[in-house]
Structures are given as structure tokens and as C-alpha cells.
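Colleague: next come a sequence and a model predicted from it.
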Amino acid sequence: MEWTGACYADTPTTEVRVWIDASPDTVWAVVSDIELMPGMSEELRSVEWLDGAAGPAVGARFVGRSEHEALGAWETTSHVIECEAGSVLAWAVEDPARPSAVWRFRLRPRDGGTELSQWMQLGPGRSGLSGAIDRMPEKEQKIVFVRMREFERAMTHTLAQIKQRAEA
């Protein structure tokens, strides 16, 4: 990730892609099973569907519990905002109208397999990062850059884990 000088209000984004030697349906089975994600993530510790949901659908909600060495432990509620089997799964964290983050997996058939991308947007709603920015506003660009670089590295790790499972 290159330095962009982005501030939180810029709603910075990052995206990572991988080609997987498996069909979109096979990859979808891994991506859409959010309860597998803690085993493929460096921060996410647990996930569970809320309101009796058993899988992704627009409007479904899930709670995620995460932990980071510098940020501590936290819990968020996410709302599925896009869901098309074999194609896209996206969720807004906390308030869907003003999320603290938006995450999206997109699957595309390519070269006899699947191109999988993971994209995320920070903000515009407040997040755990907002407190650090409030305390050190002169370091906002650096705080945002470091966190976005962490997200990019973590997403690369997650996609490698999904690839491994889907190709197994």
C-alpha cells in the first residue's frame, strides 16, 4: 500500500485479489460461511448470526468479536447489504446508513477458476480508530495509513486461507 495522505473523512479503501482454482460455487461456500472466518483472520475471534439467521441474506445481521494488540478487544454488529450467491457478499459495520466500515467479497469466474477480491472501506461512521484520531489529530493521516496497511495485510492472509480451503 502506498502513502495516500488520506484522512478518516476521506473514507479510504483497500482491495486485495486472488485467483482460486475452484468454481465460484465452491469459493462461495467458504466465503458465505462467516463462522469459518475467525479461523482465517488475524483479528476476528468469533462470529454468530443474530435474529435466527442461519446464513447470509440482505438484512441479516451478525455479531463479530475482534481483538488487536494495540486496540484491545471489541464487538460489532454487521448488517448484510449485498448478497448474491456465487457473486457478492457485503456488510456494513454498525449503522448501515453511516457504517464504521464496509466489507465486500466479490467472486468472478476467470480462467477456469474464480477471481476473489476482498474490498473494505473505512468510515464514514466512527470506529475504534476514531478515539486515537481524537487524541492525536496531528497524526490522523499516519494513523489511517497504518491501519489501512494492516487491513491490506490481513486481507491478503484471509484470501490465502480461503484459497487453501476452496482448493482442498
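Modeller: That came through, no problem.

Colleague: so how far is stretch 40-57 from its chain's centroid?
Modeller: Centroid separation for stretch 40-57 versus its chain: 12 Å, with Cα atoms, centre = their mean, to the nearest Å.

Colleague: numbering from 591 from now on, please.
Modeller: Shifting the count to begin at 591 puts that one at stretch 630-647.

Colleague: send the alpha carbons of that stretch over as CSV?
Modeller: Extracted in CSV, the C-alpha atoms of stretch 630-647 (Å, rounded to 0.1, in the frame of the first residue of the first chain):
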residue,chain,number,x,y,z
MET,A,630,-8.8,-17.3,8.7
SER,A,631,-8.5,-13.9,10.2
GLU,A,632,-5.7,-12.4,12.4
GLU,A,633,-8.2,-10.2,14.4
LEU,A,634,-11.6,-11.8,14.3
ARG,A,635,-12.2,-14.1,17.2
SER,A,636,-15.8,-15.2,16.8
VAL,A,637,-18.9,-14.6,14.7
GLU,A,638,-22.5,-15.5,15.1
TRP,A,639,-25.7,-14.8,13.2
LEU,A,640,-28.4,-12.8,15.0
ASP,A,641,-32.2,-12.9,14.9
GLY,A,642,-32.3,-16.5,13.9
ALA,A,643,-30.4,-16.1,10.7
ALA,A,644,-28.6,-19.2,9.5
GLY,A,645,-26.7,-17.7,6.6
PRO,A,646,-26.2,-14.5,4.5
ALA,A,647,-29.2,-12.6,3.1
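
Colleague: what is the least confident helix or strand in this structure?
Modeller: helix 718-725 (a mean of 91; mean pLDDT, DSSP states H and E).

Colleague: ok, then the element right after it?
Modeller: helix 730-757 (DSSP states H and E).
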